[in-house]
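Student: Compute the structure for the input listed below.
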Amino acid sequence: MATVTTAEGQRVSYVDHGGDGPAVVLLHSFLMDATMWAPQVKALGDRHRLIAIDERGHGDTPADAPFDHWDVARDTLAVLDELKIGRAAVIGTSQGGFVALRMALLAPGRVTALALLGTSGEPEDEQVSDAYQQLAEVWIAQGPGSVIEAVAKICLGDYDPSEWTPKWSEVEPERLRLIMNALVGREGVLDQAGQIDVPALVLHGAADLAYPVGKAEALVAALPKAEPLVLVEGGAHFLSLTHAADVNPHLERFLSANL
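Tutor: From the prediction side, this is the model:
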């Protein structure tokens with residue numbers, strides 16, 4: 001992986017898959033990393049320059065102090081600066097969608113299109129936030145084995161988690177607290193989504209255990225240039241990975257039409 005250090009001193013790791021096609025930024029889900037996008041790299045990499053980011057506190061990008069998803073959006077823009085990419089489409093799954101929306105709000109002239117999967121423009125529901133915080137503390141106190149099966153079910157549904165659970169088991173307690181606090185402590189941006197005047201594609205899994213379909217419907221209603229919602233039957237929360245075969249044709253069509 002390559003790295004860039006931002007003006008604030010934050011090191012950010014990323015993979016530039018290269019190519020001469022239009023630039024597309026890939027932003028992964030909570031607890032994941034840039035390798036989550038392997039199915040999209042295989043399907044789309046011959047026509048697009050795909051840049052996959054390890055978001056702060058994930059993969060090879062450290063987190064040493066509290067942060068929020070606005071900070072991660074700035075980290076990602078710093079990667080584009082390093083690569084001298086002025087404008088790019090952005091695809092984000094779950095947490096990656098939170099960051100993608102913030103990128104479009106921070107730098108509207110630089111984001112050309114948004115594809116958002118299994119995500120929300122709203123703050124975390126209070127009861128869900130409390131439950132996730134408690135889950136993190138159980139993880140820290142009793143070890144990851146006590147909760148990883150439940151986490152995998154929420155995130156991946158029936159998808160085989162064996163590639164990911166060893167990585168999750170290695171997350172240090174302080175890092176887990178930092179990334180969890182960023183996840184559940186975020187404020188909503190749905191009331192600002194009307195400012196995002198670029199083509200948008202929203203996809204959601206009908207079997208998403210983290211967010212009900214209503215979250216996606218609200219996002220479609222709030223984004224001025226959103227296409228009709230794409231609902232993937234049986235789709236899990238980390239939709240771009242678990243149901244890549246269903247998702248990729250929609251991404252390919254959307255990118256081809258809007259880049």
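
Student: Could you name the helices and strands sitting against the helix or strand containing Pro166?
Tutor: Using DSSP states H and E, Pro166 sits within helix 165-169. If you count contacts as 3 or more Cβ pairs under 8 Å, 6 or more residues apart in numbering; DSSP states H and E, helix 165-169 packs onto helix 148-156. All C-beta atoms are positioned from the backbone trio N, CA, C, and that covers glycine.

Student: Give the buried residues for the helix it packs on.
Tutor: 148, 151-152, 154-156 (16 or more other Cβ atoms under 10 Å).

Student: list the helices and strands it packs on?
Tutor: For helix 148-156, the packing partners by 3+ Cβ pairs under 8 Å, 6+ apart are helix 126-142, helix 165-169.

Student: go with 10 Å
Tutor: helix 126-142, helix 165-169, helix 239-242 (3 or more Cβ pairs under 10 Å, 6 or more residues apart in numbering; DSSP states H and E).

Student: got the CA positions of that helix in CSV?
Tutor: This file holds the C-alpha atoms of helix 148-156, laid out as CSV (Å, rounded to 0.1, in the frame of the first residue of the first chain):
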residue,chain,number,x,y,z
ILE,A,148,-17.5,-11.8,16.8
GLU,A,149,-20.1,-14.3,15.6
ALA,A,150,-22.8,-11.7,16.4
VAL,A,151,-20.8,-8.9,14.7
ALA,A,152,-20.4,-11.1,11.6
LYS,A,153,-24.1,-11.8,11.4
ILE,A,154,-25.0,-8.1,11.6
CYS,A,155,-22.4,-7.1,9.0
LEU,A,156,-22.2,-10.0,6.6
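
Student: where along the stretch 1-150 of the chain do the helices fall?
Tutor: 38-44, 69-82, 95-106, 126-142, 148-156 (DSSP state H, counting those that start in this stretch).

Student: If anything else comes up later, I'll come back, but that's it for now.
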